[in-house]
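1. have a look at this fold, sequence not included:
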Ligand SMILES: Nc1ncnc2c1ncn2[C@@H]1O[C@H](COP(=O)(O)OP(=O)(O)OP(=O)(O)O)[C@@H](O)[C@H]1O
């Protein structure tokens, strides 16, 4: 069963704003799914529809196999939510926030354990109004974890967190997924998505323009495999384009960059250059998720108008 399933989901705000445009999205149980897209792409609106904070203009939405509009109470009991820009009650302590959520969800979590899990072990009894942005985010995350939810919906979870906080959050997300929890989170932070997600979906201007594993999407784009070599001097007669599988070659001073059709060609490039001159450094790059993201959201991909599903 899919943990999240939308069919032709569309949301308009007034006459002019088409925030979500006919989105078919399926997130499997136990998956960590990263929802990417530039500002205004429709990520938060989609999440708000899943939570029934916003009603769709058209389309159907199922969460944990339930109807997102008819079964709201049961869905809310079974999910943990970290909303965008989560706010706190200034005078309540972190622990009091957690007690309130635990009670609301009729759960039996130990607030101390939750506070420690998100790195607030020493700050749980301070009023949350005095928390820093990152601490507020950590508290919001702990509140989302309360009640051992079947689905975590996290809107920009790393917002305000320092690198250690981001790393800790990734570890918790991975551990929850290993226990069978489905995790759906939106992000602008590409490295974060690549580090933790099983699959990603890219939104652009309300449309889901691509879904798949990061590797499969990179392969789908066929951006080539670049290799860069630093040499003592570039021989005048060096003809790397004669090597089968080398797509293009660029030379800048003593730096040679060859883009190959696939990584297996890189060894031929290195051997050919090393036979002709002294190689002082080699940099073999992978196609970055950033490149992938830009290609889809700037319309560079030939299929950018139609959603593509790439599987590993
Ligand atoms: N309540 C609303 N009323 C009118 N327009 C809205 C409302 N909520 C969202 N929008 C519009 O819908 C579009 C999608 O917004 P949304 O917040 O879903 O994008 P997002 O991908 O989450 O962006 P960000 O990364 O900046 O948070 C935007 O054009 C936004 O202005």
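-> Looks like it came in fine. Everything quoted here is computed from the prediction, not taken from an experiment.

2. domain assignment for the chain?
-> 2-218, 224-284 (automatic domain parsing).

3. pLDDT below threshold where in the chain?
-> Within the chain, the stretches with pLDDT under 70 are 219-223, 286-289, 299-312.

4. okay, and the beta partners of residue 63?
-> residue 4, residue 66 (DSSP bridges).

5. okay, and residue 143 sits in which element?
-> Element membership of residue 143 [criterion: DSSP states H and E] is helix 133-145.

6. which of the three states applies to residue 217?
-> helix (DSSP: H, G, I helix; E, B strand; the rest coil).

7. try residue 86
-> coil.

8. am I right that it is in contact with residue 134?
-> No. With contact defined as C-beta atoms under 8 Å, residue 86 does not count as touching residue 134 (11.8 Å). From N, CA and C alone the C-beta is placed, and that goes for glycine too.

9. and the two? Which one has more around it.
-> residue 86 (20 against 17; other C-beta atoms under 10 Å).

10. chain neighbours aside, what residue packs nearest to that one?
-> residue 140 (3.5 Å; C-beta to C-beta, 6 or more residues apart in numbering).

11. report how many residues lie close to that neighbour.
-> Residue 140 has 25 neighbours, counted by other C-beta under 10 Å.

12. spell out which parts of the stretch 1-150 of the chain neighbour the ligand.
-> 13, 17, 19, 37, 39, 40, 41, 42, 43, 44, 45 (C-beta under 6 Å from any ligand atom).

13. could you rerun that using 8 Å?
-> For the stretch 1-150 of the chain, the residues in contact with the ligand (C-beta under 8 Å from any ligand atom) are 11, 13-14, 17, 19-20, 37-48, 54, 84.

14. which of those residues are buried?
-> For those, a burial check counting by 16 or more other C-beta atoms under 10 Å picks out 11, 19-20, 37, 41-48, 54.

15. can you pick out the most distant pair from those?
-> Farthest-apart pair in these is 37 and 54; separation 16.8 Å (C-beta to C-beta).
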